[in-house]
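Asks: Only the shape, not the letters, is given here:
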């Protein structure tokens, strides 16, 4: 099913999930009034996406409430507190948007959001999402397999890895500075080509039946459900096919703690905490057992056959 | 010299007021916990003001609130001596023991949050954490260092130990605050601004003590060596 929705024609809708709580919060009342009155504050977030195909990859586990998934975010471009991204990304401008797909490909090309929405039928995929910090959520993402996009540009024989890059603009993201966030910008991530071509790897444009809100990576992000959340790069502007393993932001910040692969693995601890259990939000307790490859082992374990996952963390 | 209205610092009710103020973060915590358990409509009544929104991650919320207030009360407690000397308000001393006990109170809640919510009282896992993870070891050490101070905080113990000895023991708070800052610094993922700020405040408070004690000693020594001219 193709959607004939034009991303740029979408009727702006208030970030209604935010409004009530913001209005009630006295300390932020001033900021809130300003943000809500600002016409740019409503850019694109929250447009219904319809005609979604169901996916056999979806879990039947109970979904996390959208309120949690949109107010507890790691998106350091908008601040390092979990509540910062939903607060400081209200004016994030996601239209026009261009994703350049380039590098070792036969047909490099720049995609508008309208182009991207036409690459393949949109599916809803309910995935477990496990953060390296030890919490997890279950989210109904919307998108299609990244492989559909990569097949379109035809990777050459030289292409062995895929490098991703996030949008970075200090005017819109004043906190996206190394001295404030402690990581370098723009945010970059990477996958091996066979990982990127795996059908579970999702190019994501929406969640909970709507387009992505800024704090969750609008307008287009990656979702790699068998890896820790930081691999699922947000607000993508560039996808480059390359021959060597590309640098990745958290690995650059702290190679000892964050490896290139970063597959969810209950047996390999983070140097500072155990990864054996997780907290399924909004539970009080960190008592939910973490599964190998976040429960997607039967699909993806083959990608890592013969590899020492302790060394390739 | 700063002179407030007479009786402001020495008044009976001031201490009660400060006590209640120090309890405010705890009251916030209790309100949020109740909101989780009772699931009321947060847009109505008092809830609107007490808990405008439910924090998405309760474990995170409790851990950070209690941890933040532990280090804040440690810094506040350590600032009492410099402030009363620099501002000339010796009466501030009345609050110091209470402030220190609040550091211990929030530290205990912080520790309890870890034991209960994070580890669900899994002793084996807790022991592994304390032994293996430097930032947990540091936090645990900072808490243990506060324990004897809290236990000997009563008037009876001051009498039993004698003022001098009691004071010497209670210098353990210097170590606790320093190790607490290290705990904070080691646990953040990349944004080190807050741990560095608290580190600077603790360092300033300790440096002040070092300098004043050195000058005092130097003055005593020179007073002892040089005979007073007749």
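Replies: Alright, I've got the coordinates. The model shown is predicted, which means the values in this text are computed figures rather than measured ones.
Asks: In the lengthiest helix in chain B, which residues are buried?
Replies: Assignment by DSSP state H gives helix B:193-225 as the longest helix of chain B. Within helix B:193-225, the residues that count as buried by 16 or more other C-beta atoms under 10 Å in any protein chain shown are B:195, B:198-199, B:201-202, B:205-206, B:208. For glycine as for every other residue, the C-beta is placed from the backbone atoms N, C-alpha and C.
Asks: helices or strands next to it in the packing?
Replies: helix B:58-86, helix B:172-187 (3 or more C-beta pairs under 8 Å, 6 or more residues apart in numbering or on different chains; DSSP states H and E).
Asks: out of those helices, which comes closest to chain A?
Replies: helix B:58-86 (4.8 Å; C-beta to the nearest C-beta).
Asks: Does chain A have contacts with the helix or strand following that closest one?
Replies: Remark: after helix B:58-86, the chain's next helix or strand is helix B:93-113, criterion DSSP states H and E. No - Helix B:93-113 is not in contact with chain A by C-beta under 8 Å from any C-beta of the partner chain; minimum separation 9.4 Å.
Asks: which other helices and strands contact helix B:93-113?
Replies: Judged by 3+ C-beta pairs under 8 Å, 6+ apart, the packing partners of helix B:93-113 are helix B:12-38, helix B:58-86, helix B:134-151.
Asks: Can you point out the buried residues in it?
Replies: Buried-residue list, helix B:93-113, by 16+ other C-beta under 10 Å: B:95-111, B:113.
Asks: Of the helices and strands packed on helix B:93-113, which is nearest residue A:186?
Replies: helix B:58-86 (27.0 Å; C-beta to C-beta).
Asks: Regarding residue A:110, what is its secondary structure?
Replies: strand (DSSP: H, G, I helix; E, B strand; the rest coil).
Asks: Would you mind listing the residues in contact with the residue lying closest to residue A:162 once chain neighbours are set aside?
Replies: Of all residues not flanking residue A:162 in the chain, residue A:196 sits nearest, at 4.3 Å (C-beta to C-beta, 6 or more residues apart in numbering or on different chains). Residue A:196 makes contact with A:146-147, A:150, A:162 under the criterion C-beta atoms under 8 Å, 6 or more residues apart in numbering or on different chains.
Asks: for residue A:143, same thing?
Replies: A:122-123, A:125, A:202-206, A:223.
Asks: What residues does chain A have near chain B?
Replies: By C-beta under 8 Å from any C-beta, the residues of chain A that approach chain B are A:20-21, A:24-26, A:67-68, A:71-72, A:76, A:80, A:82, A:133, A:135, A:180-183, A:253-254, A:271-274, A:276, A:279, A:281-287.
Asks: And these, which of them are buried?
Replies: A:21, A:24-25, A:67-68, A:71-72, A:76, A:80, A:82, A:133, A:135, A:181-183, A:253, A:272-274, A:276, A:279, A:281-284, A:286.
Asks: mind listing which of the residues you listed are in strands?
Replies: A:135, A:279 (DSSP state E).
Asks: Can you give me the distance of residue A:71 to residue A:81?
Replies: 11 Å (C-beta to C-beta, to the nearest Å).
Asks: Please tell me I have it right and residue B:141 contacts residue B:179.
Replies: Yes - contact status for residue B:141 versus residue B:179: in contact at 5.1 Å, counting by C-beta atoms under 8 Å.
Asks: what's the spacing between the helix or strand hosting residue A:298 and its chain's center?
Replies: Using DSSP H and E, residue A:298 sits within helix A:297-300. On the basis of C-alpha atoms, centre = their mean, to the nearest Å, helix A:297-300 sits 20 Å off its chain's mean C-alpha point.
Asks: List of residues touching it?
Replies: By C-beta under 8 Å, 6+ apart, helix A:297-300 touches A:57, A:195, A:198-200, A:226, A:263, A:291, A:293.
Asks: Can you tell me which of those are buried?
Replies: Members of the contacts of helix A:297-300 classed as buried by 16+ other C-beta under 10 Å are A:57, A:195, A:198, A:200, A:226, A:263, A:291, A:293.
Asks: and the closest residue to the first one other than its chain neighbours, what are its bridge partners?
Replies: To tie it back to what came earlier, the one meant is residue A:57. Spatial nearest neighbour of residue A:57, chain neighbours left out: residue A:125 (5.3 Å); criterion: C-beta to C-beta, 6+ apart. Here residue A:125 sits in beta bridges with residue A:141, as judged by DSSP bridges.
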